[in-house]
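Chemist: My questions concern the predicted model and sequence given below.
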Amino acid sequence: MQDLAIKSGSLVAPRHLAIIMDGNGRWAQMRGKQRVFGHKEGANAVRRVITASAKMGVKELTLFAFSSENWKRPKLEVSALMTLFSEYIKKEANALKENGIRTRIVGDKTKFSKSLQEQISKVEELTKDCNVMQLNIAANYGGRWDILDAFKQIITKNSQGLLNLNELNEDLVSQNLCVPSDVDLMIRTGGEKRISNFLLWQAAYAELYFSNTLWPDYDEDDLKEAFQFFSTRERRFGMTSAQVQNKDPNNAN
């Protein structure tokens, strides 16, 4: 079985960490400000969490930045989010490279402006050889869309003679998703307790941690609390506790 976690002192860091960054708008409204102000502060939290995650041994971090359903929000807020997203990528690109953070934007990028798509291509090209941590920023992303798109790709490859549908299995589906690897720990900030169509296939066996901290306030201490929770979990993947403790997959009793 794949080694799914890395020990860092008394904490166990998930190999693949996914975060639903929730609470930006409420954070701003609590301070009598427009929701966009919260999103700007949320960008600082993104920077903190990327740094802390890499330091604590996370090998892959997937952040839910903008869902395919978020287009329903007020046009002014959506426009501001797109501008902030573009500015963040441009501003942080060199720092990501310097810190060894290979960066990919995952989701349906066809709805983004040409300039934003160009910024995305630049940061992905700039960081393609980095190997400290893989960062996936999910934008215009939905879990159901991801699974559907994977099957569309598989059907296309079959019609081109690149694969045989008789060989279809879970690994093949995973390989055609935006993010192929399974999630070990999924965190949602802001107090809500749902996964909101995020990495549905990849989170099949993820540990779920819900934090009351609003995203702009989220920091390394909050991340350590989540890792402390993760450290206490016995990840059985369908086996019994005795099997896991004995590390003997043939011992079913």
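Modeler: Now that the structure is in, tell me what you want to look at. Numbering: from 1, shown residues only.

Chemist: When you work out contacts or count neighbours from here on, use the C-alpha atoms and nothing else.
Modeler: Noted.

Chemist: where along the chain do the helices fall?
Modeler: Along the chain, counting by DSSP state H, helices occupy 24-29, 35-55, 75-98, 114-126, 143-159, 170-175, 220-232, 241-246.

Chemist: can you tell me which of those helices comes nearest to residue 105?
Modeler: Taking Cα to Cα as the criterion, helix 114-126 is the member of the helices of the chain that comes nearest to residue 105, at 6.7 Å.

Chemist: Now do the closest one: which elements does it pack against?
Modeler: helix 75-98, strand 101-106 (3 or more Cα pairs under 8 Å, 6 or more residues apart in numbering; DSSP states H and E).

Chemist: mind exporting stretch 226-233 as CSV, just the C-alpha atoms?
Modeler: The C-alpha trace of stretch 226-233 is given here as CSV (Å, rounded to 0.1, in the frame of the first residue of the first chain):
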residue,chain,number,x,y,z
ALA,A,226,-6.0,19.5,11.6
PHE,A,227,-2.9,17.5,11.4
GLN,A,228,-3.3,16.5,15.1
PHE,A,229,-6.7,15.2,14.2
PHE,A,230,-5.3,13.4,11.2
SER,A,231,-2.6,11.9,13.4
THR,A,232,-5.2,10.1,15.5
ARG,A,233,-7.0,8.5,12.6
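
Chemist: So, low pLDDT: which residues of the protein?
Modeler: 1-9, 235-244, 247-253 (pLDDT under 70).

Chemist: What's opposite the residue nearest to the spatial centre of it in the beta bridge?
Modeler: When Cα atoms, centre = their mean is applied to the chain, the residue found nearest the centroid is residue 62 (1.8 Å). Per DSSP bridges, the residues bridged to residue 62 are residue 18, residue 136.

Chemist: Roughly how far does it sit from residue 203?
Modeler: The spacing between residue 62 and residue 203, counted by Cα to Cα, to the nearest Å, is 12 Å.

Chemist: on that earlier part again, can you say which of the helices of the chain is nearest to residue 108?
Modeler: Among these, helix 143-159 comes nearest to residue 108, with 8.6 Å by Cα to Cα.

Chemist: Show me what counts as buried in the closest one.
Modeler: 143, 145-147, 149-151, 154-155 (16 or more other Cα atoms under 10 Å).

Chemist: what is the orientation angle of that helix with strand 101-106?
Modeler: 90 degrees (axes from the mean of the first three to the mean of the last three Cα atoms, to 10 degrees).

Chemist: what's the distance between helix 143-159 and the middle of its chain?
Modeler: Helix 143-159 has its average C-alpha position 20 Å from the chain's average C-alpha position, going by Cα atoms, centre = their mean, to the nearest Å.
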